[in-house]
Every structure is written in C-alpha cells, then in structure tokens.
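Enquirer: output the structure for:
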Amino acid sequence: MIATQTVKGVAKTSFTPQILCRRNCDLGVYAPLDSIHLISKCDDCPGMVKRYQWWLLDTESQPTLESSEKYLILHTEEPLVQIRLRVWVKGQRWADAYYTLRRNNGPQNGSCTIKPFLGVEGFTLFDIDCAGFESPFPPITYRYMVSYAVVASNVPYSRIVLTLPASETIHISICDAIDMCVERNVELKVLAIDKSMLTGLQEVMKYLPNFFKRGHWNRAYIMGIAATTFIDTSLDGDEFYSYLTGLVASTGSQMEQITTLSSHMLIRLHPVDFRGATVMAEMFSHLGDSFSAIVQEHEWLHREGYYSLSAMHMFFMSILGEKTESHSNAMCSLHNPACMNLQRIDLEKPFVIKFDPLILVRINSWLMSTWFLYRCIYFLGVIATQRHHPYDDALTIHQSGIAYQINVTEVTQNTKDMQVKTIEKYTLSNYRQSCSMNCNAD
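Expert: Residues are numbered from 1 along each chain as shown. All right, here's what the predicted structure looks like:
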C-alpha cells in the first residue's frame, strides 16, 4: 500500500486548533446514553477567536451546524460520528480540526440467571450469575436493583450470592470501564417478612450488629429495608437509626444504601413531626459525613446511582417544604391588645409575654434538618461537577436531576479556598439532650 501526503505552503503564518475531549469521548468511543462534550483549544491562534463552528459530517447528506460556541454538547446514536471544528480569527482567516467517534454498545453476548426462584426477604441467599458478557473496555461491573431500592452497585464479580428485598423482578445493569451499560431483568419471587411472626422492630434489627461486625454490609442493608415496615412513630425511627449511628460509608454504593434506608424510614414517618425532624437532622448529619469522605476519594458512582441520590434528596427537600404538624400555642394570648396591634405599643412601658420553650425546640429541629440537608446537597453538587457522572446541557434539569447541574466545562482556574463557620459546632448530642428536657412538655 502506498500512502500519499500533500504539503501546501502559505505566505501567512498558519495556526492549528485542537479538539479536546471533556466527557463521553475517551478512547475514541461514546456511550449513546449520555451527551458528548468537546471543547476547542488553540494555543497558536493569532489573537482572539472571532467565531466557532462545530459541524456534524455525514457521508449521505450535507454537513449540519451543531454549535457556534467554544464547546460542543451533542446527543446522538449514530454508529460513526465525524465532527469538524472551524475556527475563525481576524482577517477572515480560518482553520479546521476533525474528531471521529464510534458508538460503544456496552457489554454483549451474556445472560443472567438466579437461583432459587422463591425466597424470603433478608433471609434467603440468592445466587445470581451473569456469565458470558464481553467488552473491549474491561473490567465489567454489575449493579443489582429492585423497583424501589438499590441492592448492590459497582460489583466487580459476574457471580454473587446475596439476600434480596421483597420483589418479583431483579434489575441488573452490566457496565464497562467507560460507563456504558446494558440492562437485564430476571423474574423471581421474594416474599416479604410476615409481621405476624415477629414481635417488632428489635427482632429484625438484632441481626445488624453481627452482620456489620462480620463485614456483611449488604445483608445488614437488606435486613434494614425489611425492618422499615415496622416503623410507625418517631420513637421507632429513633430506635431504627440508632443501629446505624457511627457507620460512615466508604464507597458510593454504601452511600446510596444508607440514603435509601433513610428514605424508607422517612416514608414511614410521613408526615414528619418535630421529634421526627430531630431524628432526620441526625440522619442528614450522618449522610453529610459519608459524602465528605467519598468526595475526597473521587468515588465513581453508577449513572443510576447518581440519579437515585438526586431523587432521594429531592424527596428530602419536599419534606422540609410541607406543613406537617399544627402550630404550638402562641407566646401571647389573642385577647391581649398588645399582641393584636404591636405597632401601638409604648416601648417605655413594660411588655411581658409568656414564653413557650417548646416553640424553640420545634424550630431548632427543623433548622438543624435544613442545614444538614443543605450540606448533603452541596456535596452531591460537588460530585456532579467532578465529571465522573452525567450532567447535560447548561441550566437544564433532566430526569431525577437537581438545578445545580450546570455545565461547568472549564472552571479549573482562578478558584480560591473559602472557610465558612456553620452551626455544626453545636453538636447534635447537645441538642438532643436539650430536646429531651423540653419535649416532654408537649
């Protein structure tokens, strides 16, 4: 084979733009599940770039203009994607750069089976085997879900033995190393724990300390999912979460599992009163500590894991936005003229009102919950901007998304550290002691 190269001389100094990959374009392939993010770079351009043109080339039709910005965000499912960038500078001079991507179809050729077909949640061990999957981008990881909760995520083994929550279908996501996944569904029958055979929450939760001690995190988590059905009051919620106190998630999968347990607990406590809000504040504080550890490790989350965390935190915010209990007694009586018309008060005269300490206890319960939830959402936003996870067009909210998902393609310089004093200096243990002294007044 003979290759030919043509070199053309020009009178003016030439320049060479480049196309840099920012997301979903590594190794010359892209995942059709996400958008492609490219950005222009031109170190030798003479002066400022006047105009950008990103063209999508097609051998069977005319090129189409996709963007006139410095960056390109493209959604496509074509097997072959050919892109031309044209950069214009002063004097009507321009130069082209080209980029080619092929579609990555994810792991193929495998199948999943599960044994036994019938079992009881939290107790029966199921053997799930997903054999035969192949990908040019190893290693392959697996995620197991039911319709209402994650089971396990980022599992590096094609075969796993674990317990499952009550369900009739297990959803399995098989992913390669560059975040392209295929889905498989397997039918089974996992029966819920019969509440008539157990005395209550303690009998289910008694297994958790031993599971955690032996490193059986998944078994403890599934038993916790089963135990949430026994939660009826905020005291039950306090007892349930006491088994999780001190646990800090070390992986993204564990982070999602703890958040899922918290969501199921709050669903049982809904509508949440101020005692439940005290438990909720402790829960959000716990989640924030786990987030802080995971963010520093640049933990990778499965796409659905990120969506799940976003959706659950939207649920948490909706709880804080609802009126869930009646107001406590006013601090002054309605028949008091001073309370009816405060602007007419003579400030030189003594003005005394009855103080109800329970009001502050209730207010503080919700303030603590609000702050610690904000802290969690801040860390979730950090994860969203670390480019490990899907984020789409600027200022656009997609499924299960939160409004902080803004395109931050090039915020890498001119940043400064900032320290802010927060209410975390006031520990929850001190607050809970204060609450126990005043909550009985209700």
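Enquirer: which residues of the stretch 151-300 of the chain fall in strands?
Expert: Counting by DSSP state E, counting those that start in this stretch, the stretch 151-300 of the chain has strands at residues 159-162, 167-175, 181-191.
Enquirer: cool, and the stretch 1-150 of the chain?
Expert: Assigned by DSSP E, counting those that start in this stretch, the strands in the stretch 1-150 of the chain fall at 18-23, 29-30, 36-41, 51-58, 61-67, 71-74, 80-89, 93-103, 111-115, 118-120, 126-131, 141-146, 149-155.
Enquirer: how about CSV for these, with distance to W217, mean neighbour count and mean pLDDT added?
Expert: Quick note: C-beta positions are derived from backbone N, CA and C, even for glycine. Formatted as CSV, the strands of the stretch 1-150 of the chain follow (distance: least, C-beta to C-beta, whole Å; neighbours: other C-beta atoms under 10 Å; pLDDT from 0 to 100):
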stretch, distance to W217, mean neighbour count, mean pLDDT
strand 18-23, 31, 17, 86
strand 29-30, 34, 22, 92
strand 36-41, 35, 20, 89
strand 51-58, 46, 17, 91
strand 61-67, 45, 12, 87
strand 71-74, 38, 20, 88
strand 80-89, 41, 18, 92
strand 93-103, 36, 15, 92
strand 111-115, 21, 15, 94
strand 118-120, 20, 15, 92
strand 126-131, 17, 18, 95
strand 141-146, 14, 22, 94
strand 149-155, 9, 22, 90
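Enquirer: okay, the strands of the stretch 151-300 of the chain in TSV with distance to C130 and mean neighbour count next?
Expert: TSV is the format used below for those (distance: least, C-beta to C-beta, whole Å; neighbours: other C-beta atoms under 10 Å):
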stretch	distance to C130	mean neighbour count
strand 159-162	7	15
strand 167-175	6	19
strand 181-191	7	15
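Enquirer: ok, now which ones touch the residue nearest to V151 when sequence neighbours are not counted?
Expert: Closest residue to V151 apart from its sequence neighbours, by C-beta to C-beta, 6 or more residues apart in numbering: Y144 at 4.1 Å. Counting by C-beta atoms under 8 Å, 6 or more residues apart in numbering, Y144 touches I128, V150, V151, A152, S153, V155, I160, L162, I170, H171, I172.
Enquirer: for N218, same thing?
Expert: Contacts were defined as C-beta under 8 Å, 6+ apart; by that measure N218 touches V151, A152, L162, T163, Q257.
Enquirer: from T259, how far out is it?
Expert: N218 sits 15 Å away from T259, going by C-beta to C-beta, to the nearest Å.
Enquirer: ok, now L164?
Expert: 19 Å.
Enquirer: same check, this time on D194
Expert: Look at D194 and T259: by C-beta to C-beta, they are 28 Å apart.
Enquirer: what's the answer for L33, then?
Expert: Distance of L33 to T259, given as C-beta to C-beta: 23 Å.
Enquirer: and those two? which has more neighbours close in?
Expert: T259 (25 against 15; other C-beta atoms under 10 Å).
Enquirer: ignoring the adjacent residues along the chain, who's closest to that one?
Expert: Leaving aside its sequence neighbours, T259 sits nearest to M312 (C-beta to C-beta, 6+ apart; 5.2 Å).
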